[in-house]
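> here is my input, please return the structure:
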Amino acid sequence: MKKEILENICYTKLVYGRINKKLNIELSIDKIEQLILTIISETEESEFKKKGKNIYITNHKRNMRLTINSYTHRIITADKLDKKVPIGFSKIDSTALH
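Model (predicted):
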């Protein structure tokens, strides 16, 4: 599943704004695509869960979950797992920020 997603992932124009808004970041289109590919690449396939028409990819290290359409491989959104932890930090790592 992971290889197929990496080879076929696609984006809509609207998803870039949605990802920036939901993650509370301001990244360029290229940086968003790079982030998404990095998350997919570094996430163990055991963290890929297909439910209905969507695939949910959970990356605890980066505190993120991606939602991808399983038929079109289009990225739908990205969410923080824990709203209080910055992107790229786990709950354990976040203690170093205080």
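> going forward, measure contacts between C-alpha atoms and count neighbours the same way
Fine.
> so the closest residue to Asp82 other than its chain neighbours versus Cys10, what's the distance?
Leaving out its chain neighbours, the residue that sits closest to Asp82 by Cα to Cα, 6 or more residues apart in numbering is Asn63, at 6.6 Å. Using Cα to Cα, to the nearest Å, Asn63 is found at 22 Å from Cys10.
> tell me which stretches of this protein form helices.
2-8, 13-23, 29-42, 91-94 (DSSP state H).
> for those helices, give me JSON lines that also has mean pLDDT.
Converted to JSON lines, the helices of the chain look like this (pLDDT from 0 to 100):
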{"stretch": "helix 2-8", "mean pLDDT": "95"}
{"stretch": "helix 13-23", "mean pLDDT": "95"}
{"stretch": "helix 29-42", "mean pLDDT": "96"}
{"stretch": "helix 91-94", "mean pLDDT": "46"}
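> for those helices, which one sits closest to Tyr56?
Tyr56 sits nearest to helix 29-42 of all the helices of the chain, at 10.5 Å, using Cα to Cα.
> go through the closest one and flag the buried ones.
Across helix 29-42, burial judged by 16 or more other Cα atoms under 10 Å covers 32-33, 36, 39-40.
> what does that helix rub up against?
2, 6, 16, 19, 57, 59, 62 (Cα atoms under 8 Å, 6 or more residues apart in numbering).
> distance between it and the chain's centre?
Here helix 29-42 is found 8 Å from its chain centre; the criterion is Cα atoms, centre = their mean, to the nearest Å.
> alright, I will stop here.
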